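Asker: after the sequence you'll find the predicted model.
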Amino acid sequence: MNYTPSLQSATLIKRYKRFLADIALPDGTTTTIHCANTGAMTGCADPGSTIWYSTSDNPKRKYAHSWELTQTQDGHWICINTARANQIVVEALKNNHIPELSGYASLRTEVKYGTENSRVDIVLDDPSLPSCFIEVKSVTLLEDDGRGYFPDAVTTRGQKHLRELAEVAATGQRAVLFFAVLHSGIENVAAARHIDPVYDELLEQAEKAGVEVLCYRAEISPTALTLSQRIEFAQ
């Protein structure tokens with residue numbers, strides 16, 4: 001996806017109340033922007049980092065600007081807007097850029113499914129194939145040497161999604177947990193056992209039930225965000 005209009009840069013002062021951040025603009029003025037990320041954002045929101053924000057022309061929005069990217073002081077690029085993960089995965093699927101998920105005739109998003117009142121991010125359908133249910137997760141937590149982790153905070157919602165995917169796999173349909181890696185420094189992904197041991201256990205159970213795990217890293221810049229290459233899921 002291309003950023004239109006172009007993103008603008010600023011310096012992060014602080015993130016607070018989960019959904020807000022104060023930034024300093026190049027002219028020295030300050031403003032408050034929206035932060036579309038409910039996670040801990042560990043390593044993504046250090047004061048003094050360069051951030052890049054988009055601007056909406058919707059007059060009903062309280063905050064016209066949205067935080068999109070962080071450029072860390074050690075040179076990494078991070079997309080912190082978690083909504084972008086679904087968008088770039090859908091774009092890649094439509095352009096047949098994910099070989100493991102090609103060959104389907106149609107694509108649906110936000111589809112109700114399961115026994116726990118859930119909506120799955122993407123469903124791929126084809127008359128000659130089992131339907132493929134895809135749950136997309138954004139990965140931005142970098143620890144160790146190139147190892148990325150999910151989740152970055154305890155996630156009961158993510159736990160529910162794993163149970164739902166396992167049930168789908170048990171019916172003979174495809175179930176895929178798709179990690180969209182939105183941090184340029186992450187080279188492989190693992191479950192964050194040290195943060196959410198229940199999620200780690202449920203993921204192990206889901207894999208045994210037939211849930212597939214795919215990890216793709218994105219190319220990140222102030223002009224565009226695109227999925228680029230598959231990377232390893234570390235057990």
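Answerer: Alright, I've got the coordinates. Numbers count the residues shown, from 1 in each chain.
Asker: and the nearest residue to K112 once chain neighbours are set aside, what does it touch?
Answerer: Excluding the flanking residues, the one nearest K112 by C-beta to C-beta, 6 or more residues apart in numbering is R119, at 5.6 Å. From N, CA and C alone the C-beta is placed, and that goes for glycine too. With contact set as C-beta atoms under 8 Å, 6 or more residues apart in numbering, R119 has these partners: E110, V111, K112, Y113.
Asker: try 10 Å this time
Answerer: Contact analysis of R119 by C-beta atoms under 10 Å, 6 or more residues apart in numbering lists T109, E110, V111, K112, Y113, E135, H161, E164.
Asker: the nearest residue to the first one once chain neighbours are set aside: neighbour count?
Answerer: Meaning T109. Leaving aside its chain neighbours, T109 sits nearest to I122 (5.7 Å; criterion: C-beta to C-beta, 6+ apart). Neighbour count of I122, defined by other C-beta atoms under 10 Å: 21.
Asker: contacting residues around I122?
Answerer: Neighbouring residues of I122 by C-beta under 10 Å, 6+ apart: 86, 89-90, 93, 101, 107-111, 132-136, 176, 178.
Asker: helix, strand, or coil at it?
Answerer: With DSSP: H, G, I helix; E, B strand; the rest coil as the basis, I122 sits in strand.
Asker: for it, give the beta-bridge partners.
Answerer: Following DSSP bridges, I122 is listed with bridge partners T109, I134.
Asker: N2 touches T223, doesn't it?
Answerer: Yes: contact criterion C-beta atoms under 10 Å: N2 and T223 qualify, at 6.5 Å.
Asker: element containing the residue nearest to K112?
Answerer: Assigned by DSSP states H and E, R119 belongs to strand 118-126.
Asker: ok, now H161?
Answerer: Per DSSP H and E: helix 156-170 holds H161.
Asker: by how many degrees do that helix and strand 118-126 diverge?
Answerer: Counting by axes from the mean of the first three to the mean of the last three C-alpha atoms, to 10 degrees, helix 156-170 points 40 degrees away from the direction of strand 118-126.
Asker: helices or strands next to helix 156-170 in the packing?
Answerer: strand 106-113, strand 118-126, strand 129-139, strand 174-181, helix 197-208 (3 or more C-beta pairs under 10 Å, 6 or more residues apart in numbering; DSSP states H and E).
Asker: possible to save those as CSV with distance to T156 and mean pLDDT?
Answerer: Conversion of the helices and strands packed on helix 156-170 to CSV gives the following (distance: least, C-beta to C-beta, whole Å; pLDDT from 0 to 100):
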stretch, distance to T156, mean pLDDT
strand 106-113, 18, 97
strand 118-126, 12, 97
strand 129-139, 14, 97
strand 174-181, 16, 98
helix 197-208, 8, 98
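Asker: which residues does the spatially most central residue of the chain contact?
Answerer: Computing the C-alpha centroid of the chain and ranking residues by C-alpha atoms, centre = their mean puts S138 first, at 1.9 Å. Taking C-beta under 10 Å, 6+ apart as the criterion, S138 is in contact with 37, 39, 79-86, 88-89, 150-152, 179-183, 218.
Asker: do S49 as well
Answerer: Residues in contact with S49 (C-beta under 10 Å, 6+ apart) are A10, T11, L12, G43, L69, T70, Q71, T72, Q73, D74, H76, I78.
Asker: what are the bridge partners for the third one, then?
Answerer: Same thing as L12. L12 has these beta-bridge partners by DSSP bridges: I23.
Asker: wait, L165 sits on A175?
Answerer: Yes: the pair L165 and A175 qualifies as a contact (C-beta under 10 Å) at a distance of 4.1 Å.
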